[in-house]
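Trainee: Give me a 3D structure for the following:
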Amino acid sequence: MSRWPWLLIVVGGLALFIALRDWNRVDGSPSERFATAGEPDLFMQDATITQFDDDGAVRYKLVSAEVRHYEDEGLTRLVAPNLTLNRAPQPPWFARANHGFVRDTDTPSGKTAEVILLREDVHLEQRNPNRFEITAPTLRIYPNRQFAETDQPVIIDTAAGRSSAVGLSGDLNTGLLTLSSSATHRVHTIVLPAQFKRATAKSSQ
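Mentor: This is a model prediction of the structure:
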């Protein structure tokens with residue numbers, strides 16, 4: 001048997017491995033990619049980070065299985081982060097992911113604001129008064145502004161049905177979200193049949 005077919009298989013497998021590795025890499029800045037390869041200045045396990053407002057109220061609580069902080073890059077890497085974003089007196093938002101980063105970013109007004117970048121199997125949900133869950137590959141959350149955004153495909157599950165879009169941005173304080181579409185992918189919504197039954201039952205009463 002010729003050795004060339006086996007050589008093609010090996011080369012093709014190597015190319016596929018490189019492609020998948022690049023595809024799974026965080027879509028962050030060069031400093032974020034560099035920080036993941038260097039030694040951290042601070043390392044903690046099972047850590048809890050609590051951020052307070054000026055009036056002393058808890059703005060958010062971030063629990064992570066591992067925390068690696070890189071001082072020169074101003075970047076903190078997270079493993080299995082769980083975020084509770086408070087917005088009292090309204091119910092909080094809960095977010096979780098396989099990995100994440102915390103860093104500062106410049107705002108259009110010239111000020112610096114903290115951003116939490118979640119990636120890989122990201123879930124953002126509100127449990128009360130009704131279930132509302134957003135699923136996406138990556139999600140950026142700005143705790144100070146109570147704002148979230150992503151340019152990756154998203155799925156929104158509610159008690160009424162499911163919607164999908166190519167991106168999302170929204171105010172988490174008011175719950176007003178904007179879904180994005182493209183020329184090839186429109187915003188798509190499926191309404192559960194049970195919702196029609198409930199509406200019919202209410203109208204007949």
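Trainee: Beta-bridge partners for Ser64, please?
Mentor: Ala47 (DSSP bridges).
Trainee: quick one, what contacts it?
Mentor: Ala47, Thr48, Ile49, Leu78, Val79, Ala80, Pro81, Asn82, Gly100 (Cβ atoms under 8 Å, 6 or more residues apart in numbering). For every residue, glycine as well, the C-beta is placed using N, CA and C.
Trainee: Give me the pLDDT for it.
Mentor: For Ser64, the pLDDT comes out at 97.
Trainee: Then Asn24?
Mentor: For Asn24, the model assigns a pLDDT of 37.
Trainee: Kindly report the same for His99.
Mentor: pLDDT, His99: 96.
Trainee: The one 5 residues further on too?
Mentor: On the pLDDT scale, Asp104 is placed at 85.
Trainee: which residues does the spatially most central residue of the chain contact?
Mentor: Centre of the chain computed as the mean C-alpha position; nearest residue by Cα atoms, centre = their mean is Leu139, 2.7 Å away. Residues near Leu139 by Cβ under 8 Å, 6+ apart: Ala95, Ala97, Leu117, Leu118, Arg119, Val122, Leu124, Ala148, Glu149, Thr150, Gln152.
Trainee: My read is that the fourth one contacts Val102, right?
Mentor: No - because the distance of 10.0 Å does not satisfy Cβ atoms under 8 Å, Leu118 is recorded as not touching Val102.
Trainee: Tell me which of those two has more neighbours.
Mentor: Between Leu118 and Val102, counted using other Cβ atoms under 10 Å, the more crowded position is Leu118 (26 against 23).
Trainee: How about that one: what's its closest non-neighbour residue?
Mentor: Closest residue to Leu118 in three dimensions, ignoring its sequence neighbours and counting by Cβ to Cβ, 6 or more residues apart in numbering: Ala97, at 3.8 Å.
Trainee: Next, that neighbour: phi, psi?
Mentor: Ala97 adopts backbone torsions of phi -160, psi 170, taken as degrees, to the nearest 10.
Trainee: who's in contact with it?
Mentor: Residues in contact with Ala97 (Cβ under 8 Å, 6+ apart) are Ala80, Pro81, Leu118, Arg119, Glu120, Asp121, Val122, His123, Leu139.
Trainee: which ones among those residues are found in strands?
Mentor: Leu118, Arg119, Glu120, Asp121, Val122, His123, Leu139 (DSSP state E).
Trainee: I'd guessed the fourth one sits against Ala95; true?
Mentor: No - because the distance of 11.3 Å does not satisfy Cβ under 8 Å, Asp121 is recorded as not touching Ala95.
Trainee: Which one's more surrounded, those two?
Mentor: More crowded of Asp121 and Ala95, by other Cβ under 10 Å: Ala95, with 23 against 12.
Trainee: Now for the protein, the helix or strand with the poorest mean pLDDT.
Mentor: helix 4-23 (a mean of 36; mean pLDDT, DSSP states H and E).
Trainee: Hmm, Gly170 and Gln146 touching each other?
Mentor: No - Gln146 is beyond contact range of Gly170, at 9.6 Å (criterion: Cβ under 8 Å).
Trainee: any idea of the mean pLDDT in stretch 185-204?
Mentor: The model assigns stretch 185-204 a mean pLDDT of 64.
Trainee: likewise stretch 146-156?
Mentor: Rounded mean pLDDT across stretch 146-156 is 94.
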